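**Student:** below are the sequence and a predicted model for it; my questions follow.
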Amino acid sequence: MKLTSFLYRMARLSRDAEVIASGNPEKMARRARNKYIGRKVVRKMFKW
């Protein structure tokens with residue numbers, strides 16, 4: 001794994017942990033929804 005992709009992955013995990021630690025259910029729901037939508041969009045783009 002390249003260093004850059006590793007660092008981006010750690011940044012995403014860090015943000016996930018930060019949102020969960022906040023205890024704010026709205027932030028957690030928004031984060032989960034956006035991750036779900038983002039994955040769906042990327043999959044559809046690669047199907048072309």
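**Tutor:** Good, I have the coordinates. Numbers count the residues shown, from 1 in each chain.

**Student:** who are the packing partners of the worst-scoring helix or strand of the chain on mean pLDDT?
**Tutor:** Least confident element among the helices and strands of the chain, by mean pLDDT, DSSP states H and E: helix 25-47 (a mean of 92). Counting by 3 or more CB pairs under 8 Å, 6 or more residues apart in numbering; DSSP states H and E, the packing neighbours recorded for helix 25-47 are helix 3-22. Placement of C-beta: from N, CA and C, glycine included.

**Student:** so what touches the helix it packs on?
**Tutor:** Helix 3-22 has contacts (CB atoms under 8 Å, 6 or more residues apart in numbering) with Lys27, Met28, Arg31.

**Student:** quick one: pLDDT of the nearest residue to the second one once chain neighbours are set aside?
**Tutor:** This points to Met28. Of all residues not flanking Met28 in the chain, Val19 sits nearest, at 5.7 Å (CB to CB, 6 or more residues apart in numbering). Looking at Val19, its pLDDT stands at 95.

**Student:** how about Trp48?
**Tutor:** For Trp48, the model assigns a pLDDT of 68.

**Student:** buried subset of the contacts of helix 3-22?
**Tutor:** Arg31 (16 or more other CB atoms under 10 Å).

**Student:** okay, the contacts of helix 3-22 in a markdown table with distance to Phe46 next?
**Tutor:** Below are these laid out as a markdown table (distance: CB to CB, whole Å):
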| residue | distance to Phe46 |
| --- | --- |
| Lys27 | 29 |
| Met28 | 28 |
| Arg31 | 23 |
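
**Student:** returning to that earlier point: number of residues surrounding the residue nearest to Met28?
**Tutor:** Residues near Val19, counting by other CB atoms under 10 Å, number 16.

**Student:** Thr4 and Ala11, how far apart?
**Tutor:** 11 Å (CB to CB, to the nearest Å).

**Student:** the residue nearest to the spatial centre of the chain: what's it in contact with?
**Tutor:** Centroid-nearest residue in the chain, with CA atoms, centre = their mean: Lys35, separated by 4.8 Å. For Lys35, the contact set (CB under 8 Å, 6+ apart) is empty.
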